[in-house]
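A.B. asks: need coordinates for the below:
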Amino acid sequence: MVKVLFVEDDETVARTWVRYLTRHGHESTVAPDGLAGLEVLAQSSDGVDIVFCDFNMPGMDGYGFTRAVRTDP
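C.D. replies: Below you'll find the model as predicted:
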C-alpha cells in the first residue's frame, strides 16, 4: 500500500484520484491547499510516500508548499 497526499483544491479532481487509488489498494488523503497539506504531513505518524500537488490554489499555492516541504528539517 502506498500512502498518497493530494494537495488539490478541485474536489472533483481529488475525489476521482482518491477513488481510483483506493480501488487499487492505496491510502489517500486530500488537503485543499498548501497550508492544509503541511498540516497533514506534520500530523502523519506513518509518513506519506508520495505527494501530488496542484500549483494553482488559493492560500498557499503549490510553489509555496513545495518550498516549505523542501526546507523543513
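
A.B. asks: could you list the buried residues of stretch 16-31?
C.D. replies: For stretch 16-31, burial by neighbour count (16 or more other Cβ atoms under 10 Å) applies to 17-18, 21, 28-31. (Glycine included, C-beta is placed from N, CA and C.)

A.B. asks: also stretch 48-56?
C.D. replies: Buried-residue list, stretch 48-56, by 16+ other Cβ under 10 Å: 48, 51-54.

A.B. asks: among these, which one sits closest to T66?
C.D. replies: Distances from T66 to those, taken as Cβ to Cβ, are shortest for C53 (6.6 Å).

A.B. asks: and the closest one, what's its pLDDT?
C.D. replies: For C53, the pLDDT comes out at 94.

A.B. asks: dump stretch 31-51 to PDB, keeping only the CA atoms.
C.D. replies: Provided in PDB are the C-alpha atoms of stretch 31-51 (Å, rounded to 0.1, in the frame of the first residue of the first chain):
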ATOM      1  CA  ALA A  31      -5.700  18.700   1.500                       C
ATOM      2  CA  PRO A  32      -7.400  21.700  -0.100                       C
ATOM      3  CA  ASP A  33      -4.300  23.900  -0.100                       C
ATOM      4  CA  GLY A  34      -0.700  24.100   0.800                       C
ATOM      5  CA  LEU A  35      -1.200  25.000   4.400                       C
ATOM      6  CA  ALA A  36      -3.500  22.100   5.000                       C
ATOM      7  CA  GLY A  37      -1.000  19.800   3.200                       C
ATOM      8  CA  LEU A  38       1.700  20.900   5.600                       C
ATOM      9  CA  GLU A  39      -0.600  20.100   8.500                       C
ATOM     10  CA  VAL A  40      -1.300  16.600   7.100                       C
ATOM     11  CA  LEU A  41       2.400  16.000   6.700                       C
ATOM     12  CA  ALA A  42       3.200  17.200  10.200                       C
ATOM     13  CA  GLN A  43       0.400  15.100  11.800                       C
ATOM     14  CA  SER A  44       1.100  11.900   9.800                       C
ATOM     15  CA  SER A  45       2.700   9.500  12.200                       C
ATOM     16  CA  ASP A  46       3.400   6.900   9.500                       C
ATOM     17  CA  GLY A  47       4.500   9.500   6.900                       C
ATOM     18  CA  VAL A  48       3.400   9.900   3.300                       C
ATOM     19  CA  ASP A  49       5.000   8.000   0.400                       C
ATOM     20  CA  ILE A  50       4.100  10.400  -2.400                       C
ATOM     21  CA  VAL A  51       2.600  13.900  -2.800                       C
END
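
A.B. asks: alright, that wraps it up for me.
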